[in-house]
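Participant: Dropping a prediction and its sequence here:
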Amino acid sequence: MSQQNKNEWPLWEVFIRSKAGLDHKHAGSLHAADAQMAIENARDVYTRRMEGVSIWVVESKHIRASDPGEAASLYEPATDKIYRHPTFYDLPDEVKYM
Amino acid sequence: MTVHSFQEHFDSLIDREIAIEPKDWMPDNYRKTLIRQISQHAHSEIIGMLPEGNWITRAPSLRRKAVLLAKVQDEAGHGLYLYSAAETLGISRDEMYDQLHTGKAKYSSIFNYPTLTWADIGAIGWLVDGAAIMNQVPLCRTSYGPYARAMVRVCKEESFHQRQGFEIMLTLSKGTEVQRKMAQDAFNRWWWPSLMMFGPPDAESPHTEQSVRWRIKRFTNDELRQKFVDVTTEQAKVLGLDMPDPEIKWNEERGHYDFGKINWDEFWNVVKGNGPCNKQRLEARNKAWNEGQWVRDAAMAYAAKKKNKAAEAA
Amino acid sequence: MSLIYTLRLADDALILGHRISEWTGHGPILEQDIAITNTALDHLGRARSLYQYAAELFNQLPDAQKTSAFTSVAINALVAAGTPVDEDDLAYLRDSGDFRNLLLTEQPNGDWACTIARSFYYDAFHYFYFSALQHSSNAALAAIAAKSLKETTYHLRWSSEWVIRLGDGTEESHSRMQQAIDNMWMYTGEMLTMSAAEQEALAAGYGVDIAQIAPLWQNRVKEILDEATLSLPSGTWMQQGGKDGIHSENMGFILAEMQFLQRAYPGMEW
């Protein structure tokens, strides 16, 4: 790798809350020298069309991701637990808004 | 799992149109092809800022100036989204830049043509962005998740680009005689290079079959090119401009417009570096990058100092 | 009259925006290319609002005052034909001597440090300036100032952070930043000196008292330069003239480039 790669600004992941009351959602990534600059760069790169009201940034190297090879053991056990979902339960029609 | 079963699993995801994500196993060649395709696409956005950027300081009205600035800035954004998508495949942006700056990487040849008059800004928006959209919309459903997501964002933002170009062409073609001539001249110069944007004919396009199978390409070069000719020929009528190709003719049997022979000799020469502006484009990028080195270094040095101070204080 | 006062603010925004827009596509890194273009768009947007308002003011003037307002032959031709002017006429058809922007705004971009220094001096002043102008008795100017203040608050944050980052970064960035801060210094005095139009505006109740802003600006500049480990320039000789239409050589080239299409093909729609 060339000399300049060692000095490349680190990569950050950007999460944006599109309006009050909603979760922050992954918007993309960018490079910045520090966290403050990452927030400002995110404002300039990812909210040019009024896409957000709040920004989170985290340096990409701090993200821990699950292993897709373990998807079967991690997620499939949940597929037979339909009782976790509200539609599993039969309620009389008179009971509304539950 | 053995490599064999990894491959089977991968193939079945592709067949079921399920997105491949960065941590999924993927064949080396898939990774390499994607890196090449996505980085070329990103480079095209970045180099593409230059011919249009030329006219920011000369735009003929404040409204046009604002639109052009926003558009060229969008292209920087698109380059950034695409570089980010490529970075998930294990290559750094600096490495991709290095390939661009040393001439190892390719980018869309169209940006090696010069923008000579204001009408060129209209023609680029109308034709070049029009062709780009045709290439890009199918990629919103491409098999690699980060690439598809980047393309969704790009396409959403791109929608105003073609319209503003068409609007410029319409204003010129309805303007004075000298403006109409300006529009026609730009159309004449950008037409053929726009057709070349779809790449060599299918018969000579080595990657097409594999790429279609991997869904990193969803239509062939010739299919998209024909679609572009059909749509654009109709739009030219609205503008009242003459088609730059005397052989354009509706073919009832095919249900498409026939068109003249593309000068592939010119195409390959421009690809190889012999276009009118290849040198200037690369020089401009190298200059910006090299002159920015001390700025980027300073930001890193300052960030490190601040971190140390915070650590000492703790 | 408020026309000249409004035009001065518009010219500042247009010319500085023009300079900054020259960076688009040539920035030191993609993220900052995008950031600085946002700033150019803010300046350009402000210029448009102000020119639109200035055009309204101009079109209401009696003809005799219209023809004496500018030296521009092209504007006077419009007046003679009874055609009202619009934002583009004011930007594209006036001559260098009709522009009243600060000399600071027309200085070339130079390196990144030079661009940052120019923006920093300008932003630090205009943060306080728009804070005051948003209370102007002129509702149009007050509204534009209130919007500009939001933008300028961000611009100032951005340019201040870069002054600090470069000042306290590497040896090279420190010396480049100090050089830029020193080079731009002699163009700051003009900001702090009131022109006749500005004094008239203050007296009439729609202007801003620059005498009150000057110390705020000086404090802010000193504070940021301190943090950046840079020294405050000590020169006292300042360049003047922009506010009265006497510019540097840069101005002719800026206008030749910016106005060329409108001048070469007069009276056309684009």
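Facilitator: Here it is on my side, so go on.
Participant: Which stretches in chain A count as helices?
Facilitator: Using DSSP state H, the helices found in chain A span residues A:3-6, A:35-46, A:71-75.
Participant: list the buried ones in stretch A:58-69?
Facilitator: Within stretch A:58-69, the residues scored as buried using 16 or more other C-beta atoms under 10 Å in any protein chain shown are A:Ser60. Heads up, the C-betas are built off the backbone N, CA and C, glycines and all.
Participant: and that stretch, C-alpha only, in CSV?
Facilitator: Provided in CSV are the C-alpha atoms of stretch A:58-69 (Å, rounded to 0.1, in the frame of the first residue of the first chain):
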residue,chain,number,x,y,z
VAL,A,58,-19.4,6.0,14.5
GLU,A,59,-16.0,5.1,13.2
SER,A,60,-16.5,2.1,10.9
LYS,A,61,-13.8,0.0,12.7
HIS,A,62,-15.9,0.0,15.8
ILE,A,63,-18.9,-1.7,14.2
ARG,A,64,-19.2,-5.3,15.2
ALA,A,65,-21.3,-7.3,12.7
SER,A,66,-22.8,-10.8,13.1
ASP,A,67,-21.4,-13.6,10.9
PRO,A,68,-23.7,-14.4,7.9
GLY,A,69,-22.4,-18.0,8.2
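Participant: what does it rub up against?
Facilitator: With C-beta atoms under 8 Å, 6 or more residues apart in numbering or on different chains as the test, stretch A:58-69 has contacts from A:10-13, A:15, A:29, A:35, A:38, A:74, B:1, B:21, B:23-25.
Participant: Swap in 7 Å and give it another go.
Facilitator: If you take C-beta atoms under 7 Å, 6 or more residues apart in numbering or on different chains as the criterion, stretch A:58-69 is touched by A:Pro10, A:Leu11, A:Trp12, A:Glu13, A:Ser29, A:Leu74, B:Glu21, B:Lys23, B:Asp24.
Participant: Just checking, which of these comes out lowest on pLDDT?
Facilitator: Minimum pLDDT across the contacts of stretch A:58-69 is recorded for A:Leu74, with 71.
Participant: if I read this right, C:His126 contacts C:Thr152, doesn't it?
Facilitator: Yes. C:His126 lies in contact with C:Thr152 (C-beta atoms under 7 Å); the separation is 5.0 Å.
Participant: lowest confidence element among the helices and strands of the chain?
Facilitator: Looking at chain A here, since you left the chain open. helix A:3-6 (a mean of 52; mean pLDDT, DSSP states H and E).
Participant: Let me rephrase: I mean chain B.
Facilitator: Using mean pLDDT, DSSP H and E, the lowest element in chain B is helix B:208-213, with a mean of 82.
Participant: Check which residues of that one are buried.
Facilitator: B:Thr208, B:Ser211.
Participant: before we move on, what about stretch A:38-55?
Facilitator: A:38-48, A:52, A:55.
Participant: Sketch out the strands for chain A, chain order is fine.
Facilitator: Using DSSP state E, the strands of chain A run over residues A:11-17, A:24-31, A:54-59.
Participant: Ok, which of the ones you listed comes nearest C:Thr39?
Facilitator: In terms of C-beta to C-beta, the element of the strands of chain A nearest to C:Thr39 is strand A:24-31, at 17.6 Å.
Participant: tell me which strands and helices the closest one is in contact with?
Facilitator: If you count contacts as 3 or more C-beta pairs under 7 Å, 6 or more residues apart in numbering or on different chains; DSSP states H and E, strand A:24-31 packs onto strand A:11-17, helix A:35-46, helix B:62-87.
Participant: Give me the most central residue, chain A.
Facilitator: A:His26 (3.7 Å; C-alpha atoms, centre = their mean).
Participant: burial measure for the residue lying closest to that one once chain neighbours are set aside, as a count.
Facilitator: Take A:His26 and drop its neighbours on the chain: the residue closest to it by C-beta to C-beta, 6 or more residues apart in numbering or on different chains is A:Phe15, 5.6 Å away. Using other C-beta atoms under 10 Å in any protein chain shown, A:Phe15 has 18 other residues around it.
Participant: Any idea what A:Phe15 is bridged to?
Facilitator: A:His26, A:Trp56 (DSSP bridges).
Participant: got a list of what it touches?
Facilitator: A:His24, A:Lys25, A:His26, A:Ala27, A:Trp56.
Participant: Which single one of those residues is nearest to C:Glu87?
Facilitator: A:Ala27 (34.7 Å).
Participant: Surely that closest one is in contact with A:Ile16?
Facilitator: Yes. Taking contacts as C-beta under 7 Å, A:Ala27 lies within contact range of A:Ile16: 4.5 Å.
Participant: list residues touching both of these two?
Facilitator: Joint contacts of A:Ala27 and A:Ile16 (C-beta under 7 Å, 6+ apart) are A:Tyr46.
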